[in-house]
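J.: Sharing a sequence plus its predicted fold:
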Number of protein chains: 2
Amino acid sequence: MALRYTIRDLPRREGLRRFAEQIPEVDVSAVELLVQFLQTSSDIQYTIFDILERKYKLSEGKLVVMIILYHEPEGIAPSKLAEKACVTRATISAMLHRMVRDKLAWVVCDSTDGRGKLVALTERGRSLMDEILPGHFLRTAQLMKNLTEEERHTLIGLLKKIDVS
Amino acid sequence: MALRYTIRDLPRREGLRRFAEQIPEVDVSAVELLVQFLQTSSDIQYTIFDILERKYKLSEGKLVVMIILYHEPEGIAPSKLAEKACVTRATISAMLHRMVRDKLAWVVCDSTDGRGKLVALTERGRSLMDEILPGHFLRTAQLMKNLTEEERHTLIGLLKKIDVS
DNA sequence: TACTTATGATTAGTCGGCTAACTATAAGAG
DNA sequence: CTCTTATAGTTAGCCGACTAATCATAAGTA
């Protein structure tokens, strides 16, 4: 099914806002802000990551993992990789399987630790990154092009005020 | 594995930023903005939705579906539900299976259309929503409490300037 | 040294997304 | 009225995330 992505979350989030308005004690502007944030979030998800997904079968998670690997030409332990990518080892384990299958990475046993392994990108993995990243940064710049330097600064400041303690 | 959620994406996104800095043509402030946005995004994901997930086994997607159903006491067709929730019918189909299994919703055949069905919340589903929503809106308000009304307004305006055309 | 504990990786099972292919029924066109 | 096309729902199979359990090896301790 072809979802109409440009308006995709409007009705979805709208429901939440309508709901909030019906309950007197609710902080409506906070809900509206959350709704807008989630909306922007899924829009960015689409313009930045779904493109990579469709064109290169590369999810955000895999991109993150590959960028980490790109910086570790000597290889890195899967557990370290999990930690840096902020996912569980189980997730890395499955992802590595697919990456090895697709010849994007290789894995060897760590000679200094019988339990451990070492992962690194293959030449194919490296060149995929070289192919992908320029467009990725370009799309990022495009996304933000309507914001002045000052506005970007303000926006970062306001985002940091959201209390996620 | 217990991830340290409070700092969970710092290293992850950091890799992207460091990468950007090494390439001269890259619009660094745009990348920084994206990094901060994704960071805030996953923080919100945690404080708002992971809580629901852990306490009530309720994902964001299921919450959205249940809010829609909450507003449709007469029942709604799964295809309409998919459209309003902005997911595919296949996704709804699987989710409804689980919701029926967990006695949160029931499904009957549509008498006016041999192909169709009608879904609605069970009493259990409704009362779960009644139980969950106050806390949910409270956490939303908590999240935004450090922002003045004016700042909220500014933030919404800036988010809308992000170009996702 | 032997036992206990900690760590690295994997596996099984769950969930929520997706696409593609399928079945059944409704609606429209000739 | 029949044939074609569109629509509703399901199923199979993939991906990335998770937890919990398991296995092997390292490291620490009595």
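T.: Arrived safely.
J.: interface residues of chain A facing DNA strand D?
T.: A:58-62, A:86-88, A:90-91, A:94-95, A:98, A:113-115 (C-beta under 7 Å from any atom of the strand). For glycine as for every other residue, the C-beta is placed from the backbone atoms N, C-alpha and C.
J.: Okay, strands next: where are they in chain A?
T.: A:105-109, A:117-121 (DSSP state E).
J.: Show me the contact partners of the last one.
T.: Spelled out, that is strand A:117-121. Applying C-beta atoms under 8 Å, 6 or more residues apart in numbering or on different chains, the contact partners of strand A:117-121 are A:66, A:69-70, A:72-78, A:81, A:96, A:104-110, A:129.
J.: Buried only: go through the residues you listed for me.
T.: Among those, the ones that count as buried by 16 or more other C-beta atoms under 10 Å in any protein chain shown are A:66, A:69-70, A:72, A:75-78, A:81, A:96, A:104-105, A:129.
J.: contacting residues for the residue most central in space within chain A?
T.: Centroid check for chain A by C-alpha atoms, centre = their mean gives A:Glu60 as the closest residue, at 3.8 Å. By C-beta under 8 Å, 6+ apart, A:Glu60 lies in contact with A:Gln45, A:Phe49, A:Leu52.
J.: mind checking the longest helix of chain A?
T.: helix A:123-144 (DSSP state H).
J.: which parts of that helix are buried?
T.: Neighbour-count burial for helix A:123-144 [16+ other C-beta under 10 Å]: A:125-126, A:128-129, A:132-133, A:136-137, A:139-144.
J.: Kindly report the same for stretch A:108-117.
T.: Buried residues in stretch A:108-117 (16+ other C-beta under 10 Å): A:Lys117.
J.: With stretch A:29-39 instead?
T.: Within stretch A:29-39, judged by 16+ other C-beta under 10 Å, the buried ones are A:Ser29, A:Ala30, A:Val31, A:Glu32, A:Leu33, A:Leu34, A:Val35, A:Gln36, A:Phe37, A:Leu38, A:Gln39.
J.: how about the first one, what does it touch?
T.: For A:Ser29, the contact set (C-beta under 8 Å, 6+ apart) comprises B:Met144, B:Glu149, B:Arg152.
J.: change it to 6 Å
T.: B:Arg152 (C-beta atoms under 6 Å, 6 or more residues apart in numbering or on different chains).
J.: Out of the contacts of strand A:117-121, which are close to DNA strand C?
T.: Restricting those to those near DNA strand C - C-beta under 7 Å from any atom of the strand - leaves A:Ala77, A:Pro78, A:Leu96, A:Val107, A:Asp110.
J.: Now render the residues you listed as TSV, adding pLDDT.
T.: As requested, these are exported to TSV (pLDDT from 0 to 100):
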residue	pLDDT
A:Ala77	98
A:Pro78	98
A:Leu96	98
A:Val107	97
A:Asp110	96
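J.: May I ask which two of the residues you listed are separated the most?
T.: A:Leu96 and A:Asp110 (14.1 Å; C-beta to C-beta).
J.: what's the pLDDT at the residue nearest to the centre of chain A?
T.: According to the prediction, A:Glu60 has pLDDT 92.
J.: and it, how far is that from A:Met66?
T.: 11 Å (C-beta to C-beta, to the nearest Å).
J.: Show me the contacts of strand A:117-121 that map onto helices.
T.: A:Met66, A:Leu69, A:Tyr70, A:Pro78, A:Leu81, A:Leu96, A:Met129.
J.: State the pair within those that is farthest apart.
T.: A:Pro78 and A:Met129 (19.1 Å).
J.: Which helix or strand in chain A has the lowest average pLDDT?
T.: Least confident element among the helices and strands of chain A, by mean pLDDT, DSSP states H and E: helix A:10-21 (a mean of 62).
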